Structures are given as structure tokens and as C-alpha cells.
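In: Structure of the sequence below:
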Amino acid sequence: MIVLCQVVVQYFTRRAELAGLRSENLLVPQQVTSLQLWEEIVKIHPRLVVIWDQVVFAVQQVYMLLGDQFLVLQPRDKVAIIPPISGG
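Out: Residues are numbered from 1 along each chain as shown. Below you'll find the predicted structure:
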């Protein structure tokens, strides 16, 4: 049985332009990989698919790239889709 969880997804820069908004509440599986979470978001905002190779998530201020990293989301967690981070 899949347990769903409502999270706050925040979009920044080009991500906000493609999604057409800066923030929204989404119902997503509570236990999910970062890649599966991205796929859930793209189902709602298909235009985001063009930036799939530039996606960095910040979930409760912990950064992660798309992949097999497993997440256990809590209600009202903030999931930010931010521009890639560069170091220097």
C-alpha cells in the first residue's frame, strides 16, 4: 500500500517559469526515491522535463541530485527544485 503525503514544492528561476508558479502543495508518495519524486512532479508539469539533467532538490534544506537516494517525506516538508549548485 502506498502512503501519500502532502509536501510544499518550491520552484526557483527557470523551474518556476516552466511550472508557471513559484510554489504549490502536492500529494506524493511518502516513501520515494529522488528520481521517482521528480517523475511525479513532471506528470503534473510536463514542461519541466527539459531540465531533467539540471535538477537539484533541497528537501528540508538537504541537497540531492536525481537518483536512487531514498526519501521518507513528512507532511508539509518543503521540497525545493533549485538551480544547480556550483562550487569555487
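In: And the next helix or strand past the helix-or-strand element of the chain with minimal mean pLDDT?
Out: None of the helices or strands of the chain scores lower by mean pLDDT, DSSP states H and E than strand 62-65, at a mean of 90. Taking DSSP states H and E as the definition, the helix or strand that follows strand 62-65 towards the C-terminus is strand 70-72.
In: show me the contacts for the nearest residue in space to residue 55 that is not next to it in sequence.
Out: Ranked by CB to CB, 6 or more residues apart in numbering and with sequence neighbours excluded, the top spatial neighbour of residue 55 is residue 66, at 5.3 Å. Placement of C-beta: from N, CA and C, glycine included. Applying CB atoms under 8 Å, 6 or more residues apart in numbering, one finds that residue 66 lies in contact with 34-35, 38, 52, 55, 57.
In: Using CSV, write out the CA atom coordinates for stretch 36-55.
Out: C-alpha atoms of stretch 36-55 as CSV (Å, rounded to 0.1, in the frame of the first residue of the first chain):
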residue,chain,number,x,y,z
GLN,A,36,10.5,9.0,-8.5
LEU,A,37,9.7,12.2,-6.8
TRP,A,38,10.9,14.1,-9.9
GLU,A,39,8.8,11.8,-12.1
GLU,A,40,5.7,12.6,-10.0
ILE,A,41,6.3,16.4,-10.4
VAL,A,42,6.9,16.1,-14.2
LYS,A,43,3.5,14.3,-14.5
ILE,A,44,1.9,17.5,-13.3
HIS,A,45,4.3,19.9,-15.1
PRO,A,46,5.5,18.1,-18.2
ARG,A,47,7.3,21.2,-19.4
LEU,A,48,9.9,20.6,-16.6
VAL,A,49,11.2,17.6,-18.5
VAL,A,50,13.6,19.8,-20.5
ILE,A,51,15.7,20.5,-17.3
TRP,A,52,15.9,16.9,-16.0
ASP,A,53,19.7,17.0,-16.3
GLN,A,54,19.9,20.2,-14.2
VAL,A,55,17.7,19.2,-11.3
